[in-house]
Each structure stands twice: as C-alpha cells, then as structure tokens.
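Asker: no sequence on hand, only this structure:
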DNA sequence: TCGCAGGTAGAAC
DNA sequence: GTTCTACCTGCG
C-alpha cells in the first residue's frame, strides 16, 4: 500500500527516541516485527519522496504504522508555529520531516527509557537489541521485545546466573542483564518488570491525565523526571511532555535565558508552560536542531 | 591508562 | 525544598 505522508523516515527512525532501537535497514527498506491485534507481523516500509511504500494492506496494520510514525500529525501547522517565534524559527529547516517515533510496545519503551538514562544512544540501543535476542520470542528472523513476566525472571549478572542455573562454568554465563551492557541499571529493569507483572497495568497509563501518569510512572525503579517524560511522550503519546536533560537545559538556557544556568526541573516547567501541547515536538526539534546546526558543539565549550 | 559524559537514588544539607 | 555523590560502560 502507498501512503502519502511528509516525513523523513530515516531521520525519524535514527533520531534516538527511546521508544525502541532503530528498525532494521535493508537497501532502502526499514523493517521490524510489530504486534497487531496481539499477533506479530513483519512491517516493511520504504520512503520515496512524499510517499511511503508499506508491505501490508490490512486496515489495522496501516493504522498501527500511522500511529508509530505519527503520520496524522500536521507537521506544516507545527512549522508555522515554529516559524512565528524568533527563538525557534530556524528549527524546521534543520530537521524537516522529523516525527515522533512511537512505541509499538509501551513496556519496551519503559525498559528502553530506563536503559537510556545516563547512557549513550549507541549503548542503550545495543543493550535493548541484546535483550530482545536473549529473552524475546522470535518471529520470522526478528525478535519481539519480551513480556514483563519473562524479563522479571532474568538473571542480573554472571554470578547470579552461575549460582541459580545449571551452568558449570561462570565464564560461559551470558543470559543475564549485565551481560547486555546495562550496568547498574540491571536491577532497575528487573524490578520494573516485576512491578508491571504483579502490580501495575501499563495500559492504565493511557487513560490517565498527564499529571497523574507522570506521578504514577515516577514510582517505577530507575525512572526519574527525564525518563518519565520520555516514557510518556514516546510510549504513551503524551505530547505535553517536555523531557529535560542537560542538553535541553543548555539549549533552553541559550535560547531563552541569555545563557544563564537554570536547573533542569525549571527547564521542564518552562517548556511545559511555554509550549503546551507542542512541548514534545519542540523538545525533539530542539535537540536535533542543536545537533545539526552546530549549536551543540558551541554550547559544549 | 585514565578522565569524561550522562540521569537516578539516596543521603546530606 | 535543593544539592551532592556514587553508580557502569564505552569512548577519546
């Protein structure tokens, strides 16, 4: 099926949003296994100009694709909004076609976001891919993200695996979280998985107000304000979230506060107040604008 | 070899 | 309430 949609698919998929690692790329086609109606399907999507060539015709699959790449969001309206403000007017030029890359599986987004904290894009995406390979169900030659009850039983490290499994040699332990390069986040990930298995229904988050969802998700181990906002934005489509890290702080400080040092929590409050329902998109565009325009290397000094 | 970067938890202020 | 420090790991 051909879908008309202004998007930069490559930029969107590779922009480091914590919903999931980038999709597989073969030739010009991005692919991944996606759950539709509880069943895995292989999605293949290729961009040519203003059109997306999608391998499936099924109505539910198409609507899932539209959701994941946020295709129903009116980018040109957002660009008019950016262009009308002196601080933001350059941004649409530098990241044209960048859209939200939303989670197929909110639980994957929670674990990816916990993994991304105090980490690099390269490292967290590698860790999440390894978690899929070790604990996820295979569909064709893709691995799904494991369910919370499976990850809740994962070993933390070599030592625990050696003690609790029947492996005879500690050197050959490799089915544990630390082995995926997640470092000290391993216990957070496992406790979060236990929480979503035993106590908390992630789907309830979709029904909540932003404030209620934020307070709820903050209770999850390894989730602070930045990670909570990433989960709400990329995992649950709360567009009013303004995930604020040191980079967003530097950029906001440069653009709005004459370079003055302000706390990350104040930056979050400012972003939500100033940008409202556009906050999530503004944050996404700010980060990539800073990367691509050279502002980031300037602010580093 | 070692210093650096980056959010959270938990303790200290 | 805000601020400090330890936490893993890969990179330069």
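Answerer: Looks like it came in fine. This is a predicted model, so every value here is computed, not measured. Residues are numbered from 1 along each chain as shown, chains lettered A, B, ... in the order given.

Asker: what does the pLDDT read for residue A:161?
Answerer: With respect to pLDDT, residue A:161 has a value of 82.

Asker: quick one: what helix or strand has it in it?
Answerer: helix A:158-164 (DSSP states H and E).

Asker: ok, and for that helix, which residues are buried?
Answerer: A:158, A:160-162 (16 or more other C-beta atoms under 10 Å). Backbone N, C-alpha and C define where each C-beta goes, glycine included.

Asker: who does the one helix or strand residue A:267 maps to touch, helix- and strand-wise?
Answerer: Element membership for residue A:267, per DSSP H and E: helix A:264-275. Using 3 or more C-beta pairs under 8 Å, 6 or more residues apart in numbering; DSSP states H and E, the elements in contact with helix A:264-275 are helix A:225-230, helix A:246-256, helix A:279-293.

Asker: wait, what's in contact with residue A:36?
Answerer: By C-beta atoms under 8 Å, 6 or more residues apart in numbering, residue A:36 lies in contact with A:58, A:60-61, A:64.

Asker: for the residue of the stretch 151-300 of chain A found nearest DNA strand B, phi and psi?
Answerer: With C-beta to the nearest atom of the strand as the measure, residue A:224 is the residue of the stretch 151-300 of chain A nearest to DNA strand B, at 2.3 Å. Backbone torsions of residue A:224, given as degrees, to the nearest 10, read phi -110, psi -170.

Asker: surely it meets residue A:217?
Answerer: No - using C-beta atoms under 8 Å as the test, residue A:224 is too far from residue A:217 to be in contact (10.3 Å).

Asker: returning to that earlier point: any chance of the buried residues of helix A:158-164 in TSV, with distance to DNA strand B too?
Answerer: As requested, the buried residues of helix A:158-164 are exported to TSV (distance: C-beta to the nearest atom of the strand, whole Å):
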residue	distance to DNA strand B
A:158	21
A:160	19
A:161	23
A:162	25
